[in-house]
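# A predicted structure for the sequence below; I have some questions about it.
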Amino acid sequence: DAGITQSPRYKITETGRQVTLMCHQTWSHSYMFWYRQDLGHGLRLIYYSAAADITDKGEVPDGYVVSRSKTENFPLTLESATRSQTSVYFCASSEEGTDYGYTFGSGTRLTVV
Amino acid sequence: GQSLEQPSEVTAVEGAIVQINCTYQTSGFYGLSWYQQHDGGAPTFLSYNALDGLEETGRFSSFLSRSDSYGYLLLQELQMKDSASYFCAVRGGTGGFKTIFGAGTRLFVKA
């Protein structure tokens, strides 16, 4: 199916564990993004990528790692999960050119216990 | 850095007009976007203003004043389904892809 998909939809993990959130898009969009959403903070940019093998930090990158070996995939890894990383994580993609809006995935609700 | 201010909540009556304001501070400004998000859903793109003035898309309009670092989203003929959170977002950074979102405005539409 065409679109942007995130997996898993829900995840519970323990403090200190490594966890990877997956994001896959079928449009061959150049740009991809990871945001986290917490009550009262709106959406905060974690990392973004302009193309395969090109990534850059956003507002809140600490504790997260990203990679982009293929254009269609942009996984987000929490190297050692902490309770403060409990959040809803949204992946998004965009065509090149700033006139285009971002298309968001359905989100992953992550709980760190 | 970049920061945005928007009201936390707005309440309006069905059929009315409501304006949601957004002021921003940023470097390397490319434009102002607006997104809608229903509870439990993903944000969806509504509009984008790169230049000063009003952009109209159906019942929704968005305005930008770059000199005032200010914009607004105007929703006309409000419907119950418009009850949602609305986010303004500033495009900045290199190439305009470091997009920072405001904290969101929760719109309640009453019958």
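Good, I have the coordinates.
# tell me the residue of chain B that sits nearest chain A?
B:F45 (2.7 Å; Cβ to the nearest Cβ). Where you see a C-beta, it was placed from the backbone N, CA and C, and this is true even at glycine.
# by contact count, what packs against the helix or strand of chain B with the lowest mean pLDDT?
One helix or strand of chain B scores below all others by mean pLDDT, DSSP states H and E: strand B:98-101, with a mean of 88. When contacts are defined as 3 or more Cβ pairs under 8 Å, 6 or more residues apart in numbering or on different chains; DSSP states H and E, strand B:98-101 sits against strand A:42-51, strand B:3-5, strand B:84-92.
# hmm, stretch A:101-113 in reach of chain B?
Yes. Interface with chain B: stretch A:101-113 contributes A:101-107 (Cβ under 8 Å from any Cβ of the partner chain).
# of those residues, closest to B:G71?
B:G71 has its nearest neighbour among the residues of stretch A:101-113 next to chain B in A:G101, at 15.0 Å by Cβ to Cβ.
# assumed that closest one was part of a helix.
No. A:G101 is assigned coil when assessed by DSSP: H, G, I helix; E, B strand; the rest coil, not a helix.
# what's next to the least confident helix or strand of chain B, contact-wise?
A:33, A:35, A:42-45, A:48, A:56, A:58-59, A:102, B:2-4, B:26, B:33, B:35, B:87-92 (Cβ atoms under 8 Å, 6 or more residues apart in numbering or on different chains).
# which residue comes closest to B:R91 once chain neighbours are left out?
Counting by Cβ to Cβ, 6 or more residues apart in numbering or on different chains, B:R91 lies nearest to B:Y30, which is 4.1 Å off, once chain neighbours are set aside.
# sorry, that was for B:S62
B:S47 (4.1 Å).
# just give the number of residues close to the one you found.
Neighbour count for B:S47, taken as other Cβ atoms under 10 Å in any protein chain shown: 20.
# with B:P7 instead?
Count around B:P7 with other Cβ under 10 Å applied: 16.
# phi, psi of A:Q85?
Backbone torsions of A:Q85, given as degrees, to the nearest 10, read phi -90, psi 0.
# what pLDDT does it get?
Looking at A:Q85, its pLDDT reads 98.
# could you do A:W27 as well?
So, for A:W27, pLDDT stands at 89.
# could you do the one 5 residues further on as well?
Reported pLDDT at A:M32 in the predicted model: 94.
# quick one: neighbours of it, just the number.
By other Cβ under 10 Å, neighbour count at A:M32 equals 28.
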